[in-house]
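J.: sequence first, then the predicted structure, then my questions.
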Amino acid sequence: MLRIAVQSKGRLYDDTMSLLAEADINVYPSKRSLLVQSSNFPLEVLFLRDDDIPQSVASGVADIGVVGENEYEERRENVQIISHLGFSKCRLSLAIPKALTYPGLQWFDGRKIATSYPNILKRFLNKNNITSDIHVITGSVEICPGIGLADAIFDIVSSGSTLVHNNLKEVEVVMKSEALLIGNWKMDDEKHAVLNEMLFRFEAVHAAKAKKYVMMNAPKDKIAEIIKVLPGIKSPTVIPLSDPEWCAIHTVLAEKRFWDVIGKLKDLGAQGILVSPIEKMIL
């Protein structure tokens, strides 16, 4: 049985549970239990505070864990990074009151900065030869300048709306962060086998993201030209139709190129273009 530590609430919790569901790993959380076993996969989920996850994995309380890169860098526990998961993206930034003029990093020299990430901030300031008074606080860091507790803050920024609400502006991005899958170095072979199966499922879910399955009817005399503009996985599938002058073509398109490619297909005579989402894709 593999044990994974997951944040007990928040965006990282939502994104992680969605990934498990998309990988057909059924977990039904209970408010009464911090440890829940999957009903169809050899996995149990331990729900913890995000800042407790790196230590729980390092100590072997959990075999693996999903944690923000920010927490991984802050704690620097002895764990291995297994995978970058690509969700829960944010950044750690320095922000100051909106009304102030910001001339550059030297503005922070001698200032008081409130943060929940003192270790990352200290390393950044030392690297840039800046001496600041770091005030460690948990909770609502963004209110500190407004109540006179600090001159600036160093905190997570996602959309930036919280900064705007507190009359702050982002002036320096120190690091970018996303969800990481971290692991204990001493997992046995049985747990590695379960982990590999889970990673295989995660990869199938990831491969399907931002891709569309496209089907169309096209004139046979245009097949060669159409195939040239289709960036399929290997090559598109071509199926004869009852009309000998026409065929059906099936392929997979990246969503970011979708409209550009569709326009070219229409110009080449493609008709009845049907676009479907892809749930999973095995490469």
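T.: Cool, got the structure. Residues are numbered from 1 along each chain as shown.
J.: can you name the element that comes right after the longest helix along the chain?
T.: Across the chain, the helix with the greatest residue count (assigned by DSSP state H) is helix 189-208. As assigned by DSSP states H and E, the chain's next helix or strand after helix 189-208 is strand 211-219.
J.: buried stuff in the helix or strand just after that next one?
T.: Along the chain past strand 211-219, the next helix or strand (assigned with DSSP H and E) turns out to be helix 223-229. Across helix 223-229, burial judged by 16 or more other C-beta atoms under 10 Å covers 226, 229. From N, CA and C alone the C-beta is placed, and that goes for glycine too.
J.: rounded mean pLDDT for helix 223-229, please.
T.: In this model, helix 223-229 has an average pLDDT of 90.
J.: tell me what that helix is packed against?
T.: Under the contact criterion of 3 or more C-beta pairs under 8 Å, 6 or more residues apart in numbering; DSSP states H and E, helix 223-229 touches strand 246-254, helix 258-267.
J.: got the contact list for that helix?
T.: Helix 223-229 has contacts (C-beta atoms under 8 Å, 6 or more residues apart in numbering) with 218, 235-236, 238, 247, 249, 261, 264-265, 268, 270.
J.: highest neighbour count among those residues?
T.: Counting neighbours by other C-beta atoms under 10 Å, Ala218 leads those with 24 neighbours.
J.: show the contacting residues for the spatially closest residue to it that is not a sequence neighbour.
T.: Spatial nearest neighbour of Ala218, chain neighbours left out: Ala270 (4.7 Å); criterion: C-beta to C-beta, 6 or more residues apart in numbering. Ala270 sits next to 216-218, 222, 226, 249 when contact means C-beta under 8 Å, 6+ apart.
J.: quick check: phi and psi at Ala270.
T.: Dihedral pair for Ala270: phi -70, psi 140, per degrees, to the nearest 10.
J.: for Val252, see how far away it is.
T.: Going from Ala270 to Val252 by C-beta to C-beta, to the nearest Å gives 16 Å.
J.: one more: Val141?
T.: Noted for Val141: a distance of 44 Å to Val252, by C-beta to C-beta.
J.: name the residue in these two with the higher neighbour count.
T.: Val141 (24 against 18).
J.: where does that one land on pLDDT?
T.: 95.
J.: from memory it sits against Pro118, does it?
T.: No: counting by C-beta atoms under 8 Å, Pro118 is not a contact partner of Val141; they are 11.3 Å apart.
J.: and the most centrally placed residue in the chain, what does it touch?
T.: The residue lying closest to the centre of the chain (C-alpha atoms, centre = their mean) is Phe87, at 1.4 Å. By C-beta under 8 Å, 6+ apart, Phe87 lies in contact with 15, 19, 178-179.
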